[in-house]
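**Q** Requesting a structural model of the entry that follows:
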Amino acid sequence: MTKIGAHVSPGNVVAEAQARSADIVQVFLGNPQSWSAPTFSHAGGAAGMKQALLDANIDAYVHAPYLINIPTTNNKVRIPSRKALQQTVDAAFEIGAKGVIVHGGHVPEADEPAAGFANWKKAVDQLDMKVPVFIENTAGGKRAMARHLDAIAQLWDHVGHTDVGFCFDTCHAWAGGIDLTDAVAKIKAITGRIDLVHANDSKDIANSGRDRHDNIGNGNIDLEILVAAIIAADAPVITETPGEAPEQAADIALLRARLG
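**A** Presented below is the predicted three-dimensional model:
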């Protein structure tokens, strides 16, 4: 059976998971809008969090901070981005996480994407990948590394020699202009894998470039197409949908009923 869960607060991760009937969880370790080093708010710190997850038989994934932009040509962002990604991987290892998710990022409008793909290669070649790293497709940006299929193909030409994985976000794909009816097949043809699904509906129309998640079945993505894409991905599923535990529990229950 497909494991299904949600992005939750890390402070009492097992209780948060149980409130949503989640099999798996995704967390931030610290402020996602800060360059600060990861922190462990769980009782007992990293060791306490790891043991609690083990005791509850819940797999965890860690989402890297939003500020990270690995491909950028701006040294003031790229250098701390590499440091923050390594710190996130190290922290994820401490809690026994199954992987770290990081956005594909972008280069400034004035620069060619080729520089960004090269920067990704340099970064992964230097990264001590204690846990797997999954690059996530993004919704917007003209110079994005992982919005359009052709960009994802160029990105994998630069990172595919490593064990870097792929996180497929349904809302991002929809908003980014990728046709969901065959998106999974085309992405797998490029990357050879999808390691995690972010199952999110979208508040906006297709190819809007806007990253606004909605609850499953409430947004603009046809539910049958959304479910079919998730099934085709054949990977663990994390919802990042609006609301608190009741709303996210409803999303998980709906997906569980559809996915089996």
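**Q** tell me the contacts of the closest residue to Asn12 other than its chain neighbours?
**A** Using C-beta to C-beta, 6 or more residues apart in numbering and skipping the chain neighbours, the partner closest in space to Asn12 is His42 (7.1 Å). (Glycine included, C-beta is placed from N, CA and C.) For His42, the contact set (C-beta atoms under 8 Å, 6 or more residues apart in numbering) comprises 10-13, 48-49, 52.
**Q** Quick one: mean pLDDT over stretch 221-239.
**A** Mean pLDDT, stretch 221-239: 98.
**Q** again, but for stretch 63-73
**A** Rounded mean pLDDT across stretch 63-73 is 97.
**Q** List the contacts of it.
**A** With C-beta under 8 Å, 6+ apart as the test, stretch 63-73 has contacts from 7, 26-28, 30-35, 77-78, 80-82, 84-85, 88, 100-108, 111, 115-117, 119-120, 123, 145.
**Q** next one: phi and psi at His106?
**A** Main-chain dihedrals, His106, degrees, to the nearest 10: phi -160, psi 170.
**Q** Mind listing the residues bridging to it?
**A** Ala144 (DSSP bridges).
**Q** quick one: it from Val184, how far?
**A** 23 Å (C-beta to C-beta, to the nearest Å).
**Q** Can you tell me which of the contacts of stretch 63-73 are buried?
**A** 7, 26-28, 30, 77-78, 80-82, 84-85, 88, 100-107, 116-117, 119-120, 123, 145 (16 or more other C-beta atoms under 10 Å).
**Q** can you tell me which of those are in strands?
**A** 7, 26-27, 100-103 (DSSP state E).
**Q** Out of those residues, give me the two with the largest separation.
**A** The most widely separated members of those, counting by C-beta to C-beta, are Val27 and His103 (16.2 Å).
**Q** I'd like to know which elements the top helix by length along the chain is packed against.
**A** Assignment by DSSP state H gives helix 75-94 as the longest helix of the chain. Secondary-structure packing of helix 75-94 (3 or more C-beta pairs under 8 Å, 6 or more residues apart in numbering; DSSP states H and E): helix 45-56, strand 59-63, strand 100-103, helix 113-126.
**Q** if you take the average position of the chain, which residue is closest to it?
**A** By C-alpha atoms, centre = their mean, the mean C-alpha position of the chain lies nearest to Ile101, the distance being 4.3 Å.
**Q** OK, contacts around that residue?
**A** 26, 61-64, 134, 136, 167, 196, 198.
**Q** Could you rerun that using 10 Å?
**A** By C-beta atoms under 10 Å, 6 or more residues apart in numbering, the contact set of Ile101 is 7, 26, 61-64, 88, 92, 132-136, 165-167, 169, 195-196, 198, 238.
**Q** Can I have the buried ones of those as a ChimeraX selection?
**A** Buried members of the contacts of Ile101, defined by 16+ other C-beta under 10 Å, are picked up in ChimeraX with:
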select :7,26,61,62,63,64,88,92,132,133,134,135,136,165,166,167,169,195,196,198,238
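**Q** before we move on, the earlier item: what separates the residue nearest to Asn12 from Val25, distance-wise?
**A** Going from His42 to Val25 by C-beta to C-beta gives 12 Å.
**Q** Good, wrapping up.
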